[in-house]
Each structure stands twice: as structure tokens, then as C-alpha cells.
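Colleague: Build me a structure from this.
(2 chains)
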Number of protein chains: 2
Amino acid sequence: MKKLLLQLFAITFLFSCAEKKEKIIISKEATLQEYKTDSTNIKHFFNTALTEGASYEWLRDLTKNVGGRLSGSPEAAKAVLWGEQLMKKVGLDSAWLQPVMVPHWIRGEKEVAYYTVNGTKKNVPICALGSSIATPKSGVTAQVIEVKSIKEAEALGEKLRGKIVFFNRPFDNTLIRTFSAYGGCVGQRVAGARTCGKFGAVGVIVRSMTNGVDDSPHTGVMSYGDIPKKEYIPTAAISSRAANILSDDLKKHPKLSFYFKQSCKNLPDAPSFNVVGQITGTEHPNNIMVVGGHLDSWDLAEGAHDDGTGIVQSLEVAYLFKKNNTKLKNTLRIVFFMDEENRGSGAKKYAELAKLNKENHIAGLESDAGGHTPRGFSINANAKNTKLVKSWKKLLAPYGLHDLTKGGSGADVGKLKGEFVTLAGYRPDSQRYFDYHHSENDTFDKVNKRELELGSASMASLMYLMDKYLETPTPIKK
Amino acid sequence: MKKLLLQLFAITFLFSCAEKKEKIIISKEATLQEYKTDSTNIKHFFNTALTEGASYEWLRDLTKNVGGRLSGSPEAAKAVLWGEQLMKKVGLDSAWLQPVMVPHWIRGEKEVAYYTVNGTKKNVPICALGSSIATPKSGVTAQVIEVKSIKEAEALGEKLRGKIVFFNRPFDNTLIRTFSAYGGCVGQRVAGARTCGKFGAVGVIVRSMTNGVDDSPHTGVMSYGDIPKKEYIPTAAISSRAANILSDDLKKHPKLSFYFKQSCKNLPDAPSFNVVGQITGTEHPNNIMVVGGHLDSWDLAEGAHDDGTGIVQSLEVAYLFKKNNTKLKNTLRIVFFMDEENRGSGAKKYAELAKLNKENHIAGLESDAGGHTPRGFSINANAKNTKLVKSWKKLLAPYGLHDLTKGGSGADVGKLKGEFVTLAGYRPDSQRYFDYHHSENDTFDKVNKRELELGSASMASLMYLMDKYLETPTPIKK
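Modeller: Purely as a prediction, here's the structure:
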């Protein structure tokens, strides 16, 4: 009876798919039996993750015993050893370190900021942005000009001279995907200082990149681009609540004087590593499918959702295949990329070596959007393979994976982009992500065990399907 | 250009719908313009919720200033006044209290439980189950028998005499929807005591209803059914971690003696109220669409996810319509049901009065599954209206509402079931829900502002569509 029901379901499935404009590409190969097999295997990945999953305890270990791990830091070095050791423990066929020189920025002493209105001193939660220079030792004091965009700052031009420029464009909270809101604001953080430095501003403070109103400054990378060193000015993030209060105070006291002090420093590049491991493919060992996240994190917390979850989920993909005795045709490579947060040097190095060694990468999957409940994958592939991935929706939707849409994969595996490489980004729910992102709140307790494990199983399911259905090893002719 | 794109999109939408087996029922009435209108209005509900939403602060007030509000308690009485006042503040056309007699059970002193193995005393986190009787004043001590089901306990029969029966069936964590796992276990909690009482057991302890392993006992209602009073025995929940430890200890020490003490009490039924308010319909004021959640909660925490979120989301549906100047044809009635947790007396009273007063309820929507990120609605309606609701998927999916499936609505609005009543249950993501459910962890800080607001807007969108497209007031002929 159960079998009959399954067959009926499979028939209905193929029938209803056949009616759609986007025909299921697998149908020419995938018999009902294959659909059944895929469905069963995927169920096994989820069952194993949810009952014997290891990622949650790995994450506890990484966040609590290694902690925040900014590229170039002793903690990042510790994380590298942690990663290599864990890959070996999981029983990958091989695991190795891939040397790479990475940025080495240090925060220095805890930053200080305040201003005084009507005789009341208001302390401002502040943190230096990654790559920023320090203020003079005694700090910097200046009048504040509030702007909402790079364009507005550019237009003010010489009026910025001697001022601290306050970028205060908030997230557009009507955007359902919070990453879109981030994308609409992060330019202020990255390019604020270089824009204002050339007009003689003395500092830049930026509203923290978050949806909500909280008391934590959210850090993140900035870049001076190619402006001359003499135009470098210090830049920092202030909490979103402080930004609101400062903005209100500026309306009443437009001449108020703002003080901040930071002692951060850019040191020479430091040696570090990508951590790489693999399970060699049984049929096409030279075809490589990468699954990865980034091992570095910001220093203010534990790097739990960014990107500890991506690290442990990536390794759990291999763990789930081993536990289920799943044999892959192609080589599955797990990569813990170093330095996603600053210059992307780990990803660049990985892609550079792949090219140099003439490695044939056929697929890549990145988890760097937090460890929340699964929503789907974004697909960066040629038209044929995009269609192919979308055709797996019926297999993936029972696990909450409804969103299979064209889009970017991620900053790390994205470097492997090529006409015949099928890239994807894991897309969990994004509502809570920027509550934690780059702030002191990105800690282990914010990660839910089941949500994390559902993510690992989602990723394993996608890789299983890619391994089975991507046309390889011959590149697909257009 | 934008208009052209929109039209093209709408054409594509209708075209692709036409290809599907489940034809879009609205297509006969809904012109492209109507689809565009619906899409725009729904976007407005979400925009308003995410930028001017009030539910989060209402919830803060309810959880922090009223707190846990078990039916019959002073806090529940306070919640009733809070609710009525808030409905008036939001500007409903009318708001009133609907008297109902409710169970009045009190927990008494903090419960105590322990046992001793190898000379080590192990304290067990424990809490009495709602409706349970107390132990004798000095507590109860007895040997423990572990079982995994009511059936297993029944089979042991007379062997239970003089024993404390320990129900220890854990959640099936492979079930993706955690409510299914709850459904598979909760029978132990509800019927454990009445099953064992008739065989002369002296107490029942139950593993807490949760997916994870934690240190908090999760309470919930139990029922003695129709067994004679002399067979009533005290029953309590112990934390899932304690359940694991006790189970291990029992393997080594099968004769171990367990002690627990509780002083809870069933008092006579107390007077209370459903809080009801409405916006009168412009065309069919006698057609009523109910949106609601339950105002009572357990006493161990603040009743945030269960069901403070359902309360504030229900009222926010009305708030969003008012803010957007949305005129509904039918009457929108917001109901804060009293006593969902114990006997469902508020819902029964509401349905009873609706019948008595010959009110024509055409629709009901309940939010009582937590305030997490939206996933969809379950639909309890006749075939035609189930199809109709499913046909709105394209309008709802952009907000994460992919799951429109046949299923129950909820314990409260479910009482309004009838051939021509379209009922629905709001279904947010369920992964985290049983981490908090009925335990000390169900507090305001577990609720995410955006997730809560997305829920309100999801519910408003469904009610807007129901108001527009449900065939009324004449019941649909079969």
C-alpha cells in the first residue's frame, strides 16, 4: 500500500511537472525509481543530521574554545589547527593547509566616543571599522555633519573639511530579504572614509548595519581604495540607537562637538591558511565540487552565525555522506576559507591555485548567510544548469527549501565562477541575521541546533543531486 | 515601462496558472488590474508592519507588565483589561467582554524532586502539570517504572501498583514539523496519570515535551478524564536532561526510589472573559471573519510565543487595515480567547454564543503556533474554498508563505467549523517553538521583531483576500 502510494505520488509528480513550462530536465534519465531513490536518500541526510548531527557541538567548540578569529590573529591560527584536526577526525580521505598571506589589523584598546549637550555627557557605543587607521592618541574632536549617502557627502565637498562626517542611512526595513537592505547601506561603511578623506574631513562615523535599533556597534571592513595615505582618516561604527539619538541632538544642536578615540592598527600581512579536505570521487576524481564557508570572523564576539555555522555545516555535508555510506562520483572538497571578512585573500589564493594546478571545478556551494532555518539556494550557473537545479524543487521543498532562484553564490566560492561551473549559495531565513552580524551579539546561544542541522542536510542534499545530475566531466556545449 | 513589466508579469502569472491542474478560481473575476491591486495592497500591509508595526511593543507590555496569565489568575484578569483597553486604543468600532467560567488551577509552592544513587542526591527540575492534584504534604516516594507509551503502561497493569510511572518517549526529531513530534508524544502528558491511576500507581512523571535536551521542565495540561476521584494521582513534568539521566540511572539501579512533592490545587471555576472587538463590514456587516489567539498562558514564564504573539498579531491585523484605510466588505472580528490551555472554555463559549445569536461566521484565522518567521497557512475549508486559498500562493510566496496546505486551524477558531466556514491556521517556522513552549524560557526576548511583524502582515494579507474573494453572504451550494 505504502509502495503504491509512493508510486502514485511519483507519477503525479512527473505528470504535474510535465505540465509546467519548465520541464524537469532529469526526467529523461530519472525513472520513477530514481526519483524514489533521491527522495529516500535526501530523507536519510535529514534524519541523520537531526538525530546524529555533529555540527552543533563542533560549533560550540569553535565559538567557545577558539572564539572570535580575525585574520592574522592568534585565534585565527588556532582555528586553522582546529579545522585541520576536525577534518581528519571526520575521516576525509585527505586534509591539508593551503598557505596564504592575509591582512593583519588589530583593534587595540576599547574605543571611546562621546559628546555633550546641555551639560550632559552622552557616551556613544562605538567600534573601529576593520582596516581603519587610529585617531591621534588623544582622539579627535570635531563638529559633526550628518549625511545619508556617499553622493550627499561628495556634493558637500569642501564643506566637510575639519568635520566628522556621520553616515546615517538606515536599512530599508520594507525589504523582505535583509541582505538586500544591507546591500543598500554597506557602501557608507566601506567607502565613507575614502570619500570624506579627500575633502579634508577628520573622521567618519557610520550607523551600524542592522535592521533594528540596538546598543551594539556592528563592525565590518572599510577600504581606503587608492586615495593617498595622507588622506586616510579614522572611521568607526556607532550603534543604531546612538545614531538615532545623535541625529535628534544634531537637529537641536547643529554645532555639537563629537569626540572619538581608537588605537587600531594595520600590521604587515601575516601568514595563514585555508583548510582544505576532500573525499575523492569514485568515478571522476578530477572533477571537484567545493563546499565551504569562512573560518575567520570579526573579533567582537564568537563568529557564530558569521560564519561558524557555515564552517560546521560544510564539514557536516561530508559527515552526512560518510554516515550514510553515500558514494559520490565526483570529488567533494570541503574548504574553510581564511579571510573572507577583509580582503578575500583565502578565496583568491584557492582560485589561483585551482587554475595553476588545472583543477576541474564543476560545482561550488557556500554557506555564509547564517545558520537559521532553511529557505533555499541561490544559483549562479549557466541557463541549462540553473534550470536543472530548479527542477529539484519537489525534492527539496518538503524541507523548507522553496526558494531556488538565480543569484550570487558567495564571496568565496564565487571566485570559481566559470561558464561550466555550477555555483550556489545556501539561503537560510534572513530575518534575525543582522541582529548579530559583526557585533558582540554573534554568539553560540543565538544558533538553534535543529536549524543548523537542517542547513547541513539541505546542503548535503544539493551536493548529492549535483553529483548525480550535473553533466560531467565533459563541459556542456552551448 | 514599469507598468508594462507589471502587466507582462501578470500575464505570465495567469498563463502559468492556467497550465496548472489547479486552476486559479479568482481568474474569472480577477482581471490583471485586480491582481495588481491585490499585490500592491499586500505589499502595503507588509511595509506598514515592518516600519510602523505596533505588535512588538504591545507584546513587550503584555509579557513584561502583565506576565504569565493562567486562566483564573489575577494576571489573566489583568490581561483581559489590558486587551479591552488596547482594542479601544487601536480604534476598533467596538470592543466588549464576553463572560465565561474558566478552570482555576494554582501551582502552589515550587515543586521538589530528587533521588539518590551511590550516595549522591540528584535534584530533578520538575513542575506539576496543569489540573494535576498535589502529592501528600510530605511528598511521595516510590520505585520508578519507565515506559515509553500509554500502551506499554496499560500492558503492565497491576505491576504499576505503588509505583511512580515515568513516561519517557522523546520527540521524533526526524519530523521536520515539530508540531508533529509534539503530537506523537503529548498523549503521555495528557493521559499518563489517568492510565496509571486506575492500576494503583502513586504518581506519574513525564519527560518534558521538547525537541532538545534542556534543564527546564515544560508544563502543560493533563486530564483525569472520567476515572473516579479516588484514582487521581499527582503528575508532573521533568526536564528532558533529567529524563535522560534518570533513564540511565534506572538501567544501573532499577530499584531506585524517586521523591517528588507538589502542592498544586484545582479551585472552583472562576469568572473570566473573552475579549472581543470588531471593525464592522461595509457591505455585509452580518458576515463575520474572526482573527484570534489566546490570551491565557502558562504561569512559568511570560507567555510570549504561546500565545502573546498570536494576540498582538491578531490585533495588528486590524491595525494594518486601519493604517492603510482598507475597507472590508465583511465584519472583521478580533478575539482574544480565554483559557485555551486548559479546557478551551473561552472558545466553546464564543462558538455557543455565535450559534445562539445566529451570527454568520464565514471565516476564521488563528495564530497559536509561535511568532517565528512565516511559512504559510493550513486551511480547513470545503474543497472549493481550499482551492481558492491555495490559488493565492503567487501573491503570498514572496513573503515566505509557501506552505498552503489542508490541515487544522487551531483549538480556538476550530470550534467554528462548518461546511461553509473557511478556517485557517497561521503556520510560522516551528523549529524553535518547543525550546520555549510551556517552560520558563517562553519570554519576550525570544521573539524577533521582524518575524513577529511579518506574521501580522501575513495574516492581514490572508484576511484581505478572504474578504475579497470568499463567496458571501449566500452559502456556497455543493
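Colleague: Name the secondary structure element that contains A:Gly346.
Modeller: Here A:Gly346 sits within helix A:345-356, counting by DSSP states H and E.
Colleague: what's the answer for A:Thr405, then?
Modeller: With DSSP H and E as the test, A:Thr405 turns up in strand A:403-406.
Colleague: average pLDDT across the helix or strand following that strand?
Modeller: Scanning forward in sequence from strand A:403-406, with DSSP H and E defining helices and strands, the next element found is strand A:422-428. Mean pLDDT, taken over the full extent of strand A:422-428, equals 98.
Colleague: Pull the contacting residues for the nearest residue to A:His305 once chain neighbours are set aside.
Modeller: Nearest non-adjacent residue to A:His305, counting by Cβ to Cβ, 6 or more residues apart in numbering or on different chains: A:Gly370, 4.2 Å away. (C-beta placed from N, C-alpha, C; glycine too.) The contact partners of A:Gly370, by Cβ atoms under 8 Å, 6 or more residues apart in numbering or on different chains, come to A:305-306, A:309, A:428, A:430, A:432-433, A:436.
Colleague: now those residues as TSV including distance to A:Ile245, secondary structure and neighbour count?
Modeller: Rendered in TSV, the data for these read as follows (distance: Cβ to Cβ, whole Å; DSSP: H, G, I helix; E, B strand; the rest coil; neighbours: other Cβ atoms under 10 Å in any protein chain shown):
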residue	distance to A:Ile245	secondary structure	neighbour count
A:His305	27	helix	31
A:Asp306	27	helix	26
A:Thr309	33	helix	32
A:Pro428	33	strand	27
A:Ser430	27	coil	23
A:Arg432	24	coil	24
A:Tyr433	25	helix	23
A:Tyr436	22	helix	22
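Colleague: now, which of the residues you listed sits nearest A:Ile288?
Modeller: Of all the contacts of A:Gly370, the one sitting nearest A:Ile288 is A:Thr309; the distance, using Cβ to Cβ, is 23.3 Å.
Colleague: Okay, that closest one and A:Gly455: tell me how far apart.
Modeller: 7 Å (Cβ to Cβ, to the nearest Å).
Colleague: anything in contact with each of these two?
Modeller: The overlap between the contact sets of A:Thr309 and A:Gly455 (Cβ under 8 Å, 6+ apart) consists of A:367, A:371.
Colleague: Run a quick neighbour tally on the residue of the stretch 301-450 of chain A at minimum distance from chain B.
Modeller: In the stretch 301-450 of chain A, the residue that lies nearest chain B is A:His402 (4.1 Å; Cβ to the nearest Cβ). A count of neighbours around A:His402, defined by other Cβ atoms under 10 Å in any protein chain shown, yields 20.
Colleague: Touching, it and A:Phe377? I think so.
Modeller: No: assessed by Cβ atoms under 8 Å, A:His402 is found out of contact with A:Phe377, at 10.4 Å.
Colleague: Give the residues shared as contacts by these two.
Modeller: In terms of Cβ under 8 Å, 6+ apart, A:His402 and A:Phe377 are not both contacted by any residue.
Colleague: how much space is there between the residue nearest to A:Val165 when sequence neighbours are not counted and A:Glu84?
Modeller: Spatial nearest neighbour of A:Val165, chain neighbours left out: A:Cys196 (4.4 Å); criterion: Cβ to Cβ, 6+ apart. Going from A:Cys196 to A:Glu84 by Cβ to Cβ gives 43 Å.
Colleague: more neighbours, these two?
Modeller: Here A:Cys196 and A:Glu84 are set side by side on neighbour count (other Cβ under 10 Å), and the busier one is A:Cys196, at 29 against 18.
Colleague: Quick check: pLDDT value at the residue sitting nearest the centre point of chain A.
Modeller: Relative to the mean C-alpha position of chain A, the nearest C-alpha, by Cα atoms, centre = their mean, is the one of A:Asp368, at 2.8 Å. Reading off the per-residue confidence, A:Asp368 sits at a pLDDT of 98.
Colleague: cool, A:Lys43 as well?
Modeller: Model confidence at A:Lys43, expressed as pLDDT, equals 98.
Colleague: What of A:Glu471?
Modeller: Looking at A:Glu471, its pLDDT is 86.
Colleague: Also A:Phe9?
Modeller: A:Phe9 is assigned 41 on the pLDDT scale.
Colleague: One more: A:Ser272?
Modeller: In this model, A:Ser272 is scored at 98, pLDDT.
Colleague: wouldn't it be in contact with A:Ala77 here?
Modeller: Yes: at 7.0 Å, A:Ser272 counts as touching A:Ala77 under the criterion of Cβ under 8 Å.
Colleague: that older thread, contact partners for the residue nearest to the centre of chain A?
Modeller: Here A:Asp368 is in contact with A:293-294, A:306-307, A:310, A:340, A:410-412, A:425 (criterion: Cβ under 8 Å, 6+ apart).
Colleague: Assumed A:Asn287 was part of a strand.
Modeller: Yes: assessed by DSSP: H, G, I helix; E, B strand; the rest coil, A:Asn287 belongs to a strand.
Colleague: Excluding chain neighbours, what is closest to it?
Modeller: The spatial neighbour of A:Asn287 that comes closest, neighbours along the chain excluded (Cβ to Cβ, 6+ apart), is A:Asn330 at 4.1 Å.
Colleague: tell me the phi and psi of A:Ser131?
Modeller: phi 90, psi -10 (degrees, to the nearest 10).
Colleague: how many neighbours does it have?
Modeller: Burial measure for A:Ser131: 20 neighbouring residues, criterion other Cβ under 10 Å.
Colleague: which of the contacts of A:Asp368 lies closest to B:Ser257?
Modeller: Of all the contacts of A:Asp368, B:Ser257 sits closest to A:Gly310, with 48.9 Å by Cβ to Cβ.
Colleague: Now do the closest one against A:Leu295, distance only.
Modeller: Distance check for A:Gly310 against A:Leu295: by Cβ to Cβ, it reads 9 Å.
Colleague: Equivalent analysis for A:Thr219, please.
Modeller: Here A:Thr219 is placed at a distance of 18 Å from A:Leu295 (Cβ to Cβ).
Colleague: OK, contacts around A:Ser272?
Modeller: The contact partners of A:Ser272, taken as Cβ under 8 Å, 6+ apart, are A:71-72, A:76-77, A:80, A:99-102, A:338-339, A:346.
Colleague: what's the closest non-adjacent residue to it?
Modeller: A:Val102 (4.4 Å).
Colleague: looking at it, that neighbour is touching A:Asp269, isn't it?
Modeller: Yes: under the criterion of Cβ under 8 Å, A:Val102 lies in contact with A:Asp269, with a separation of 6.3 Å.
Colleague: before we move on, back to that, partners of the strand holding A:Thr405 in the sheet?
Modeller: Take DSSP bridges as the rule and strand A:403-406 pairs in its sheet with strand A:374-380 (parallel).
Colleague: Just the C-alpha atoms of the strand it pairs with, please, in CSV.
Modeller: Once side chains and other backbone atoms are set aside, the C-alpha atoms of strand A:374-380 remain, and they are given as CSV (Å, rounded to 0.1, in the frame of the first residue of the first chain):
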residue,chain,number,x,y,z
PRO,A,374,16.4,26.8,5.6
ARG,A,375,14.7,28.8,2.8
GLY,A,376,16.5,27.7,-0.4
PHE,A,377,19.6,28.2,-2.6
SER,A,378,20.6,31.0,-4.9
ILE,A,379,22.0,29.6,-8.2
ASN,A,380,24.8,31.0,-10.2
